[in-house]
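Enquirer: pasting the sequence and the predicted model now:
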Amino acid sequence: MDTRTLVRIALVAALIGALGFVPPLYLPIAAGVPITAQSLGVMLAGLLLGARGGAAATALFCFVVLLGAPLLSGGRGGLGILGTPTAGFFLGFIAGAYVTGLIAERLGARGSLPAFLTAVVAAVVGGIGVVYLFGVPVLALAAGIGLPKALLGSAVFLPGDVIKAVGAALLATTVLRSWSVAVQPRP
Amino acid sequence: MIAGYLSGRSLLHRLPAGVKLAGLAVLSVVIVPITDPVLLAMVLAAVLLVYTAFGRPGLARILQWRSLLPLLAIIFLLQLWAAALDVAAASVLRIAVMVLLADLVTLSTRLQDMMDALAVPMRPLARFGVDPEKLSLAVALVLRFVPVLLDTWRAREEAWRARSPHRPGLVLVGTFFSGALATADQVAEALDARGFGAPRRPPPSRSQE
């Protein structure tokens, strides 16, 4: 791994952390559920760095949080995170960024969709689908509630997550296009 | 530098990080199967007692987890509805115990000590290309980049407010991100210029700042 890749991975990891400091947004369409910017960073990681790089950046972020840096939204950090019922979402970030990057790379290579739509699909499947795939069962298990209830409880965050997926795709395909590994502009 | 470390000289602080991590693992194996809410409440009381030993900062530390309260309340109500009071109380108490117990390890261990302790179980990862030296540089970079990014955002926001009566718009977001990412490549060039990642020479190069 060259230095440039390493530093980019560290910067994106820091970006995910910095997004945790953005005050939560309360949108009426999301029924007043707070929308934190953190998972936007996870989607961006996959879109900007590709599957491997995105997973590396997110894993680095999770590692730094577990080491004790209070970078998770709400100023949380440390090993206690693993004890919370939402630990699955936290660890699912890594797989989420990987799948986001993978889909963006594969779909982008086929070129059947415009770059923006490719990025939206990748961010929705990876950044929402895969993250929930990890988060919901852990929530159901840790909280001792059934899968349907855990899914229903998590669903209130869906509108916010969709907004974030569109936002991440928009950023990755416009201002950050020259920087993106996964969503390559076609010649 | 940001960290979850609370400086002190307690017994917990003096224990090696590896011992604390192993102790946490053992305790979690013991505590998770407990289903008796009274017993769990006693364990929680014991954990809280340890926090009070740290004085005011210790109590502030517990409050740091208050964002977990709405979730715990929902879980409690759902359990109460689906099962019984003792089940509901036990699951909420168990979560509180595990979170606060793990946070005791974090608050009493320096970040560097924690990294050194984790280097042992992470050794097998070297086969997947995780280089300990690069990992520690990456962690240091993240910890430095976060305040830099936050400062950059604040500066851009101030510059906007000084020139416009309107609220800072989405325009700022784009320039902020592209500016931040440009920083990364400058830092990489600076590191390369100082010989980081160069082939090792007989005397170890002092490349990390």
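Expert: Happy to help now that I have it.
Enquirer: quick one, longest helix in chain B?
Expert: In chain B, assigned by DSSP state H, the helix with the most residues is helix B:132-163.
Enquirer: what are the buried residues along it?
Expert: B:134-135, B:137-146, B:148-149, B:152-153, B:156 (16 or more other CB atoms under 10 Å in any protein chain shown). Backbone N, C-alpha and C define where each C-beta goes, glycine included.
Enquirer: so which of those would count as near chain A as well?
Expert: Within the set of the buried residues of helix B:132-163, contact with chain A (CB under 8 Å from any CB of the partner chain) is found for B:134-135, B:137-139, B:141-146, B:148-149, B:153.
Enquirer: adding distance to A:Leu67 and pLDDT as columns, could you present these in CSV?
Expert: Converted to CSV, these look like this (distance: CB to CB, whole Å; pLDDT from 0 to 100):
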residue, distance to A:Leu67, pLDDT
B:Lys134, 16, 82
B:Leu135, 11, 85
B:Leu137, 14, 85
B:Ala138, 12, 89
B:Val139, 7, 89
B:Leu141, 14, 90
B:Val142, 10, 91
B:Leu143, 9, 88
B:Arg144, 14, 87
B:Phe145, 15, 91
B:Val146, 13, 90
B:Val148, 19, 89
B:Leu149, 19, 90
B:Trp153, 24, 87
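Enquirer: now the helices for chain B?
Expert: Under DSSP H, chain B gives helices at B:11-14, B:17-31, B:37-52, B:56-63, B:69-82, B:85-107, B:111-119, B:132-163, B:170-193.
Enquirer: check which residues of the first one are buried.
Expert: Taking 16+ other CB under 10 Å as the neighbour-count basis, helix B:11-14 is seen to contain the buried residues B:Leu12, B:His13.
Enquirer: ok, now which ones touch B:Val171?
Expert: Contact partners of B:Val171, counting by CB atoms under 8 Å, 6 or more residues apart in numbering or on different chains, are absent.
Enquirer: same thing with the one 10 residues further on?
Expert: B:Leu181 makes contact with A:Arg8, A:Leu11, A:Leu48, A:Leu176, A:Trp179, according to CB under 8 Å, 6+ apart.
Enquirer: among those, which are within reach of chain B?
Expert: Within these, those near chain B by CB under 8 Å from any CB are A:Arg8, A:Leu11, A:Leu48, A:Leu176, A:Trp179.
Enquirer: tell me which of the helices of chain B is the most buried.
Expert: helix B:85-107 (a mean of 22; mean count of other CB atoms under 10 Å in any protein chain shown).
Enquirer: ramachandran coordinates for A:Arg76?
Expert: Dihedral pair for A:Arg76: phi -100, psi 160, per degrees, to the nearest 10.
Enquirer: which residue is the nearest non-sequential neighbour of it?
Expert: A:Pro70 (6.0 Å; CB to CB, 6 or more residues apart in numbering or on different chains).
Enquirer: can I assume the one you found is in contact with B:Leu6?
Expert: No - if you go by CB atoms under 8 Å, A:Pro70 and B:Leu6 don't touch, sitting 11.8 Å apart.
Enquirer: quick one: list the elements packing against the lowest-mean-pLDDT helix or strand in chain B.
Expert: Taking mean pLDDT, DSSP states H and E as the measure, chain B has helix B:111-119 as its least confident helix or strand, at a mean of 81. Helices and strands touching helix B:111-119, by 3 or more CB pairs under 8 Å, 6 or more residues apart in numbering or on different chains; DSSP states H and E, are helix A:38-67, helix B:17-31, helix B:132-163.
Enquirer: tabulate those helices (CSV), appending distance to A:Leu139.
Expert: Compiled in CSV, the helices and strands packed on helix B:111-119 are given as follows (distance: least, CB to CB, whole Å):
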stretch, distance to A:Leu139
helix A:38-67, 15
helix B:17-31, 18
helix B:132-163, 27
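Enquirer: so who does the closest residue to B:Leu149 other than its chain neighbours touch?
Expert: Closest residue to B:Leu149 apart from its sequence neighbours, by CB to CB, 6+ apart: A:Ala18 at 4.1 Å. Contact analysis of A:Ala18 by CB under 8 Å, 6+ apart lists A:Gly41, B:Phe145, B:Val146, B:Leu149, B:Leu150, B:Trp153.
Enquirer: contacting residues for the closest residue to the last one other than its chain neighbours?
Expert: In space, B:Trp153 comes closest to B:Phe176 once its chain neighbours are excluded; the distance is 5.7 Å by CB to CB, 6+ apart. With contact taken as CB under 8 Å, 6+ apart, B:Phe176 is in contact with B:Thr152, B:Trp153, B:Arg156.
Enquirer: dead centre of chain A: give me the residue that sits there.
Expert: A:Val42 (2.5 Å; CA atoms, centre = their mean).
Enquirer: thinking that residue is in contact with A:Thr58, fair?
Expert: Yes - assessed by CB under 8 Å, A:Val42 is found in contact with A:Thr58 at 5.7 Å.
Enquirer: what's the overlap in contacts for these two?
Expert: With CB under 8 Å, 6+ apart, A:Val42 and A:Thr58 have common neighbours A:Ile16, A:Phe93, A:Gly96, A:Ala97.
Enquirer: may I ask which of these has the most neighbours?
Expert: A:Ala97 (37 neighbours; other CB atoms under 10 Å in any protein chain shown).
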